[in-house]
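**Student:** My questions concern the predicted model and sequence given below.
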Amino acid sequence: MTSPTPHPGSDPCPCGSGSSYADCCRPFVEDGSPAPTAEALMRSRYTAYALHVEDHLFRTWHPRTRPASVEQDLSLRWLGLEVVASDGGGPDDAEGTVRFRAQWIAGEGADRQRGVLDEHSRFVRRGGRWVYVDEVTAD
């Protein structure tokens, strides 16, 4: 696993909520507090990708669908998150989905590439905590 990227708590949260990292995703990413909603968990997972906090990604991934280990491509930088829609996933729900777009950049110089991850993610409550299950795919 890679070492997390330091992020001062007073800086804006990478998830784009407009709140500081300390008031937004840090309690979930660093302290392991349970996210109250599927969207809050998805935002914290984006933040964990942006800051390279692989243990948060691993522990918030459903054991049935998660890989044996989570190792990030360190040449990939996450540039911004837009939550497009959510369905269910509230404090009293057992499941929910969140559709989002996340901008990224990878490589240097002539090899530099940009892109957007457009995903519709599925979440469930397991043991009272929200976990990521998988991407919703069209049948």
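**Tutor:** Thanks, I have it.
**Student:** Could you pull up the mean pLDDT of the strand or helix carrying D55?
**Tutor:** Using DSSP states H and E, D55 sits within helix 54-59. Mean pLDDT, helix 54-59: 96.
**Student:** And R45, its phi and psi?
**Tutor:** The phi/psi pair for R45 (degrees, to the nearest 10) reads phi -70, psi -40.
**Student:** That one - how many residues pack around it?
**Tutor:** 27 (other C-beta atoms under 10 Å). Yep, even glycine has a C-beta here, placed from its N, CA and C like the rest.
**Student:** What backbone torsions are found at F100?
**Tutor:** Torsion angles, degrees, to the nearest 10, at F100: phi -150, psi 160.
**Student:** Local confidence estimate at the spatially most central residue of the chain?
**Tutor:** Here the mean C-alpha position of the chain is nearest to the C-alpha of R45 (C-alpha atoms, centre = their mean), at a distance of 1.9 Å. Listed pLDDT for R45 reads 98.
**Student:** I'd like to know how far it sits from E119.
**Tutor:** 11 Å (C-beta to C-beta, to the nearest Å).
**Student:** now swap in P12 and tell me
**Tutor:** Distance check for P12 against E119: by C-beta to C-beta, it reads 23 Å.
**Student:** as a whole number, average confidence for the helix or strand that contains G115?
**Tutor:** G115 belongs to strand 113-126 when assigned by DSSP H and E. Average pLDDT, strand 113-126: 97.
**Student:** before we move on, what about stretch 73-87?
**Tutor:** The model assigns stretch 73-87 a mean pLDDT of 94.
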